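**Student:** give me the fold of what follows.
(2 chains)
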Amino acid sequence: MNLGKIVGVNGNLLTVEFEKPVIQNEVGFARLGEVTLKAEVIRIRNRHAELQVFEDTTGLKVGDQVEFTGALLSVELGPGLLTQVFDGLQNPLPALAEECGFFLQRGKYLKPLPRDAKWVFTPLVKEGDTVAAGDAVGQVPEGIFDHKIMVPFRLHGRLTVKFVAGAGEFTVEDTVAVVIDDKGREHEVKLMQVWPVKIPIKCYAERLRPTEPLATSQRIVDTFFPVARGGTYCIPGPFGAGKTVLQQITSRHADVDIVVIAACGERAGEVVETLREFPELTDPKTGKSLMERTLIICNTSSMPVAAREASVYTAVTISEYYRQMGLDVLLLADSTSRWAQALREMSGRLEEIPGEEAFPAYLESVIAAFYERGGVVRLHNGETGSVTIGGTVSPAGGNFEEPVTQGTLKVVGAFHGLSRARSDARRYPAIDPLESWSKYKSVVDEEELVQARRFLREGSEVGQMMKVVGEEGTSIEDFMVYLKGEYIDSVYLQQNAFNDVDAATPVVRQKHVFGFIARLLKTTLKFEDKDAARGFFHKLTQATRDWNQHEFESDEFKKQEEQLDRQIAEVTDYA
Amino acid sequence: MHKVYHRIEQIAGNVIVVSAEAIIYGELAQVESGFGTSLAQVIRLEGTRVYLQVFAGGRGVATDSKVRFLGRTMQIPFSDNLMGRVFTGSGVPRDKGPEITENQIPIGGPSVNPAKRIIPRNMVRTGIPMIDVFNTLVESQKLPIFSVAGEPYNELLARIALQAEVDVIVLGGMGLKHDDYLFFRDYLEENGALSRSVLYVHTASDPTVECMLVPDIALATAEQFALQNKRVLVLLTDMTNFADAMKEVAITMEQIPSNRGYPGDLYSQLAARYEKAVDFEGSGSITILAVTTMPGDDVTHPVPDNTGYITEGQFYLKNGRIEPFGSLSRLKQQVNGKTRDDHRTIMDTMIQLYSSYKETLEKQSMGFRMSGWDTKLLKYGERFEKEMMALSVNIPLEAALDLGWQILADCFEPQETGISSKLTEQFWPSKA
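**Tutor:** Okay, the predicted model is just below:
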């Protein structure tokens, strides 16, 4: 056993003197009487290793022992992950609550995957087959999915199946296959395997370019600032602008197989809402409870800071694991700023030379490395799987010119900037249509989109100008641009999350409605004066909003559309 | 039996360093100097060097002052005898009552397991229409009052404390002016609420370190009461002083500051306190109302900014009124659908009309002609401010809703308000 001795304690940073070799980022346990506190080596200097402890360190003293495990910080991967609620170190929180009651007890670590659960295994290979790391040797049903049991990711080269179990029931620790590598060594394949969180799982044939849109049912996202399967995006915004609400809506409606929610350093109450409501909600795609496709990693703001840093890695590792089965996974991290702050706290304790706003100098590369773990990949068997990453950013003072936002913008494919002005005006989702951008392909026609964007931009310019020169000084042509821009905003960009129908707009409907709007934008309308024009658009806006609340292709929907067409025809200038 | 050390190697600010062995992290010690005895806590171990934070400050500590380690971490007594008592930031009686030593409990305990939390569902009635009607306070909510110095935030806090239907009030005062401390004590006493209150008060002239202990002590006490199935309201004033105390200590410890001198862990530190607000399933609850003064009325200042990211909304206190714009209770949707059918409608309609009133005021100040609609709005706005927004108004929710209808009826026709006809038929007051 590799034991070390504590020589210093500073907050959650331990300095430990060691004798035998230690590994950078390996896990150690500090012994405090009966309990042991989990820690990770983050720096080694001469004979001293510095460890960040994932718990409160009160009570430790100089001379106490630390046991080094020789393993990096890892997660258990196997059937039984879905529907679970873990903390940042993959402790199952409900099980912990059963054992410890209301409070999180330090030094209490439970097995993430239940050891007694039996899974019905079906083999997919036979003895003598050649396989590689990440290939499935069999599968077990997990809720609505076939959970692939894969050759451990840590193995290399071609492997020969020496033994594979027949169909039957197994626990996660049972061996279901044995494979032999080219040096003749045997390796067991169990239902579960362990993988270090900070190392990406790369057992795929190649990484592809994310091209296929990922529908979120939010019009402003799918149409204007789309997200691609396997792409990355970020949502920065000041407090109260609706970051978390937007993430919650996305987690409900996104068209993916699995949603991993990483509640990282945010309010516990928000996680509780997901936790208590999701089991009650049905997933329109499968008809089952939404919880069946959801997994929550929850390290809220008052839980230990070092575990918060680990939580995003735990979440992304689990996402990669399911991608490896050919599934589409969406990882929602809320909020990456809290994670960056955890890095800053640790960096401060290590007395590193600080970068901007005291964030560590390596912040940007750490953020980049995290988002780069997303992506769409082609597996060895030809299937594709994807991990899409959406992270919220909470910039100090709502000012995007800060290191975390800027570091994130460099590496993501889409930027959904929330603005205080829009949320104050109750224009939800408060994504700023003029500042945000996306490099992915929209679900609607590109040309029509350019036209709509032009109206939004020019309309806002006219609006600014009108504040100075007044309505009188504005030409009727400019005024029409302004009204049309406002119209797109109020009936298409804004979406009522509390209305059952309006809350989620499927892609077909978006194409239909956007087509209608695009036609209106092209149409020249004729009015006596500005008041008449304004009155017309008020009525049209109201009627279109009603239209948004009718079930797609229902009779009311069609009737309302006809009425809208009539309204427009009445003022169309055919000349 | 406890070892005593005589050689202090370093004194910087409130932190002293002694050479000692077998000291545990977080341990308490007594430091005796010519000016009295103070508690101190171990905040860093470095080989045999032990860094202690002296609660009463480093002033007067001599290099040969006696340091006696107590072999235990920070604890405070907890019993029902706390009710009606006033203590300092380190838990010493500030009133003339006896010292309480029974049933010691640790402070700054672990976080509540999120899996054990429940969705909040009970409204806390305050009798203030701007809160009850427009931004309902919910049991187990954490809400700060953002305000500039000079606003009557302590008066507001005291009034809410008195009127809220809770079992126990715990007040944590940080950097309070002595007058304010006396105001709280006398106000609670005069109104007969002192017997269900516990006060932990750090005044502006007390040592800085004690300021940092106040929230932890207050919340540890609150947690114990809540676990005894009591509904507890914790009042913290002023959290900006708490943050400033942290800043002071962090700078003395030569920590690298992050933003305007505040330590990098400001968010985590504030969150650890605010997240103590909880509704225990099958037991009591903790609701936190805190005052955060905004230096220079700047909401992007690190303290209000970080607070806003943590708390479930905020009340803006400005010009002696709770501003309807900017104020927000994130949990109001959980309860305001269950109070009365017209609650949400009154809430939305009155604010929209008030917002139109503000626009009209702007137009008026720019010298534009007032239309008939503008005149109606002006009349409405004035009545709204006088009868609803004024802090002196003290009526139950139902009466406030009725008053809302009355003001609307006095100023507008039903269809001008945009309220659905179903509701106006039911609630619109008939012209007398």
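
**Student:** so what's the one residue in the stretch 51-200 of chain A that gets nearest to chain B up against?
**Tutor:** Here the stretch 51-200 of chain A gets closest to chain B at one residue, A:T58, 3.5 Å apart by Cβ to the nearest Cβ. Just so you know, the C-beta spots here come from the backbone N, C-alpha and C atoms, and that holds for glycine as well. Contact analysis of A:T58 by Cβ atoms under 8 Å, 6 or more residues apart in numbering or on different chains lists B:24-26, B:73.

**Student:** got the residues of the stretch 351-500 of chain A near chain B?
**Tutor:** Contact residues, the stretch 351-500 of chain A versus chain B (Cβ under 8 Å from any Cβ of the partner chain): A:351, A:354, A:357-359, A:394, A:396-399, A:424.

**Student:** of the residues you listed, just the buried ones, PyMOL syntax please.
**Tutor:** Buried subset of these, written as a PyMOL selection, criterion 16 or more other Cβ atoms under 10 Å in any protein chain shown:
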select buried, chain A and resi 354+357+358+359+394+396+397+398
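
**Student:** helices of the stretch 201-350 of chain A, residue ranges please.
**Tutor:** Listed in chain order, the helices of the stretch 201-350 of chain A (DSSP state H, counting those that start in this stretch) span A:219, A:243-253, A:268-277, A:305-323, A:336-349.

**Student:** what of chain A?
**Tutor:** For chain A, applying DSSP state H gives helices covering A:93-100, A:219, A:243-253, A:268-277, A:305-323, A:336-349, A:363-371, A:403-409, A:420-424, A:446-469, A:476-488, A:507-522, A:530-548, A:555-571.

**Student:** now tabulate the ones you listed in CSV and tack on distance to B:M388 and mean pLDDT.
**Tutor:** Below are the helices of chain A laid out as CSV (distance: least, Cβ to Cβ, whole Å; pLDDT from 0 to 100):
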stretch, distance to B:M388, mean pLDDT
helix A:93-100, 43, 93
helix A:219, 37, 96
helix A:243-253, 28, 91
helix A:268-277, 29, 87
helix A:305-323, 42, 95
helix A:336-349, 37, 91
helix A:363-371, 47, 96
helix A:403-409, 39, 95
helix A:420-424, 21, 85
helix A:446-469, 30, 91
helix A:476-488, 31, 94
helix A:507-522, 40, 96
helix A:530-548, 29, 90
helix A:555-571, 38, 94
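
**Student:** out of those, which comes closest to A:V151?
**Tutor:** helix A:305-323 (13.1 Å; Cβ to Cβ).

**Student:** on that earlier part again, most neighbours, which of the contacts of A:T58?
**Tutor:** Within these, most neighbours by other Cβ atoms under 10 Å in any protein chain shown means B:Y25, with 26 neighbours.

**Student:** residues contacting that residue?
**Tutor:** A:9, A:57-61, B:42, B:45.

**Student:** now swap in A:Q494 and tell me
**Tutor:** Each residue near A:Q494 by Cβ under 8 Å, 6+ apart is listed here: A:427-429.

**Student:** look up how far chain B lies from it.
**Tutor:** Using Cβ to the nearest Cβ, to the nearest Å, A:Q494 is found at 16 Å from chain B.

**Student:** ok, B:I169 - contacts?
**Tutor:** Residues near B:I169 by Cβ under 8 Å, 6+ apart: B:161, B:188, B:193, B:196-198, B:232-233, B:235.

**Student:** and the helix or strand where B:M246 lies with chain A, contact?
**Tutor:** For B:M246, the element it lies in under DSSP states H and E is helix B:239-252. No - between helix B:239-252 and chain A, judged by Cβ under 8 Å from any Cβ, nothing touches; the nearest distance is 9.2 Å.

**Student:** rewinding a little: pick out whichever of the contacts of A:T58 sits closest to A:K148.
**Tutor:** B:Y25 (45.9 Å).

**Student:** and the contacts of the longest helix along chain B?
**Tutor:** The longest helix of chain B (DSSP H) is helix B:343-365. For helix B:343-365, contacts defined as Cβ under 8 Å, 6+ apart pick out B:133-134, B:324-325, B:336-337, B:370, B:374, B:377-378, B:380-381, B:384, B:388, B:397, B:401, B:404-405, B:407-408, B:412, B:417-420, B:423.

**Student:** still on that earlier bit, so can I have JSON lines of the helices of the stretch 201-350 of chain A showing mean neighbour count?
**Tutor:** Output for the helices of the stretch 201-350 of chain A, formatted as JSON lines (neighbours: other Cβ atoms under 10 Å in any protein chain shown):
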{"stretch": "helix A:219", "mean neighbour count": "25"}
{"stretch": "helix A:243-253", "mean neighbour count": "22"}
{"stretch": "helix A:268-277", "mean neighbour count": "20"}
{"stretch": "helix A:305-323", "mean neighbour count": "26"}
{"stretch": "helix A:336-349", "mean neighbour count": "26"}
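
**Student:** distance to chain B added to the ones you listed, as a markdown table?
**Tutor:** Formatted as a markdown table, those follow (distance: least, Cβ to the nearest Cβ, whole Å):
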| stretch | distance to chain B |
| --- | --- |
| helix A:219 | 23 |
| helix A:243-253 | 10 |
| helix A:268-277 | 5 |
| helix A:305-323 | 5 |
| helix A:336-349 | 5 |
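
**Student:** middle-most residue in the chain, spatially?
**Tutor:** In the absence of a named chain, chain A is used. Geometric centre of chain A, nearest residue: A:L332, 1.6 Å, by Cα atoms, centre = their mean.

**Student:** wait, chain B was what I had in mind.
**Tutor:** B:A290 (1.3 Å).

**Student:** doesn't it fall inside a helix?
**Tutor:** No - using DSSP: H, G, I helix; E, B strand; the rest coil, the assignment for B:A290 is strand, not a helix.

**Student:** do you know how far the residue lying closest to it once chain neighbours are set aside is from chain A?
**Tutor:** Of all residues beyond its chain neighbours, the one nearest B:A290 is B:L236 (3.9 Å), with distances taken as Cβ to Cβ, 6 or more residues apart in numbering or on different chains. Separation of B:L236 from chain A (Cβ to the nearest Cβ): 15 Å.
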